[in-house]
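K.L.:
quick check, what structure comes out for this input:
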Amino acid sequence: MKTCYTVACLLSLAFSGVIHAQNRLPIGIMDLEAGVGLDQSQVNGLSDMLTPALQNTGFFRIIERKQVNQIIREQGFQNSNLSSAQMKRIGGILGVEALLIGKVNFQVRDRNRFGEYNVDIRLVSVKNGEVLSAAGNKHGGKCRNTGQRLNTSRELMECVARDLAQNSPPAQQARAKRAEQAEAERVRQTQSEAEVQRPYVEKPVYDFGKVGMLDGSVSMSFTVQNPTKEAITITEVKPNGGNLQLDWPREPIPPQGAGQIKVKLLTNRLHGEVTRDIIARLSTGNRLTMQIKAIIE
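P.N.:
The predicted model follows:
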């Protein structure tokens, strides 16, 4: 069986829809709010497209708008500007952990009033009002996950649903589980590499834990061991994402020696769960994979 090491591969597995029903996040769908240039009937059509798109991600157990609206009416609440206490009350009645809220605006592009929808949605915890996930896009934009050009309303809502799902707690839990499995596999790989006398990273996964955004940066170092009988050189080190500064020795690592790959994670523009893979290429043709993780608050 082919082993999965890369972040792209892990995300593919985590997003494959293999989520047990009991692990799906129970959410209530509220009417999207009609913003600039739209009336509510137009926006309701987009809401109708969003619900099955969310269902198809496999990450949510959905209470539909009709049921949510009924509870709101029965409780005498207003559909917009719900207070934290009201959201908690609705969540308790419906048995959901979050409510989906959002807004749609219409931006006119020319004098014939051709334009584009701009959609922004959020999953808000009914327990404490925390935003659990957020997503947004517009007609003509590109879907972050697929790179697809969004030419229709249905494509737009399907893309927003996928983005929302990827950032949701079930997806984060799935990625964490896959990362744990990958870490265990990397440890076994490291041990195997040491046994056959190949360069390896001593501890290829590092978790900074919780880090303050205002800290500016956090740093650590990976140790590259060279148990071979020949000197090796680290020729290139690349991350799979931004907000990283990397430094490594340009001089050869002697036989039975070690070198340090220094990593600085810049935190001032990040928030939430952050994972970065780092690939080091060696003069021997080998590649070494490392990973850092952090929760930015």
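
K.L.:
hmm, residue 266 and residue 246 touching each other?
P.N.:
No - Residue 246 is beyond contact range of residue 266, at 11.6 Å (criterion: CB atoms under 8 Å). The C-beta positions use only the backbone N, C-alpha and C, and glycine is treated the same way.

K.L.:
got a list of what residue 209 touches?
P.N.:
By CB atoms under 8 Å, 6 or more residues apart in numbering, the contact set of residue 209 is 294-295.

K.L.:
could you check how far it is from residue 177?
P.N.:
18 Å (CB to CB, to the nearest Å).

K.L.:
same check on residue 42?
P.N.:
41 Å.

K.L.:
which stretches of the stretch 151-297 of the chain have low pLDDT?
P.N.:
Regions of the stretch 151-297 of the chain meeting the criterion pLDDT under 70 cover residues 192-196.

K.L.:
please enumerate the helices of it.
P.N.:
Shown for the stretch 151-297 of the chain, the helices assigned by DSSP state H, counting those that start in this stretch span residues 153-166, 169-195.

K.L.:
same check on the stretch 1-150 of the chain?
P.N.:
Using DSSP H, counting those that start in this stretch, helices in the stretch 1-150 of the chain cover 7-14, 40-57, 65-75, 84-94.

K.L.:
now the longest one and helix 153-166, what's the angle there?
P.N.:
An angle of 50 degrees separates the directions of helix 40-57 and helix 153-166 when computed by axes from the mean of the first three to the mean of the last three CA atoms, to 10 degrees.

K.L.:
name the helices or strands packed onto helix 40-57?
P.N.:
Packed against helix 40-57 by the contact rule (3 or more CB pairs under 8 Å, 6 or more residues apart in numbering; DSSP states H and E) you find strand 25-29, strand 33-34, strand 60-63, strand 98-108, strand 115-125, helix 153-166.

K.L.:
need those in JSON lines (columns: distance to residue 228 and mean neighbour count).
P.N.:
Converted to JSON lines, these look like this (distance: least, CB to CB, whole Å; neighbours: other CB atoms under 10 Å):
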{"stretch": "strand 25-29", "distance to residue 228": "48", "mean neighbour count": "23"}
{"stretch": "strand 33-34", "distance to residue 228": "63", "mean neighbour count": "18"}
{"stretch": "strand 60-63", "distance to residue 228": "50", "mean neighbour count": "20"}
{"stretch": "strand 98-108", "distance to residue 228": "52", "mean neighbour count": "20"}
{"stretch": "strand 115-125", "distance to residue 228": "50", "mean neighbour count": "20"}
{"stretch": "helix 153-166", "distance to residue 228": "41", "mean neighbour count": "22"}
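
K.L.:
turn those into CSV, including distance to residue 262.
P.N.:
Output for the helices and strands packed on helix 40-57, formatted as CSV (distance: least, CB to CB, whole Å):
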stretch, distance to residue 262
strand 25-29, 38
strand 33-34, 47
strand 60-63, 41
strand 98-108, 40
strand 115-125, 37
helix 153-166, 30
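
K.L.:
between these, which gets nearest to residue 232?
P.N.:
Of all the helices and strands packed on helix 40-57, helix 153-166 sits nearest to residue 232, with 37.5 Å by CB to CB.

K.L.:
can I get that closest one as CSV, trimmed to CA atoms?
P.N.:
This file holds the C-alpha atoms of helix 153-166, laid out as CSV (Å, rounded to 0.1, in the frame of the first residue of the first chain):
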residue,chain,number,x,y,z
SER,A,153,-24.7,30.3,-8.9
ARG,A,154,-24.6,26.6,-8.2
GLU,A,155,-20.9,26.4,-8.7
LEU,A,156,-20.5,29.4,-6.4
MET,A,157,-22.5,27.8,-3.5
GLU,A,158,-20.9,24.4,-3.9
CYS,A,159,-17.5,26.0,-3.6
VAL,A,160,-18.4,28.1,-0.6
ALA,A,161,-19.8,24.9,1.0
ARG,A,162,-16.6,23.0,0.4
ASP,A,163,-14.5,25.9,1.9
LEU,A,164,-16.8,26.0,4.9
ALA,A,165,-16.5,22.3,5.4
GLN,A,166,-12.7,22.2,5.1
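
K.L.:
packing partners for that helix?
P.N.:
Short answer (3+ CB pairs under 8 Å, 6+ apart): helix 153-166 packs on helix 40-57, strand 115-125, strand 131-138.

K.L.:
show residues contacting that helix.
P.N.:
With CB under 8 Å, 6+ apart, helix 153-166 has contacts from 11, 15, 45-46, 49-50, 53-54, 56-60, 100, 117, 119, 121, 123, 133-139, 141, 143-146, 148, 150, 171.
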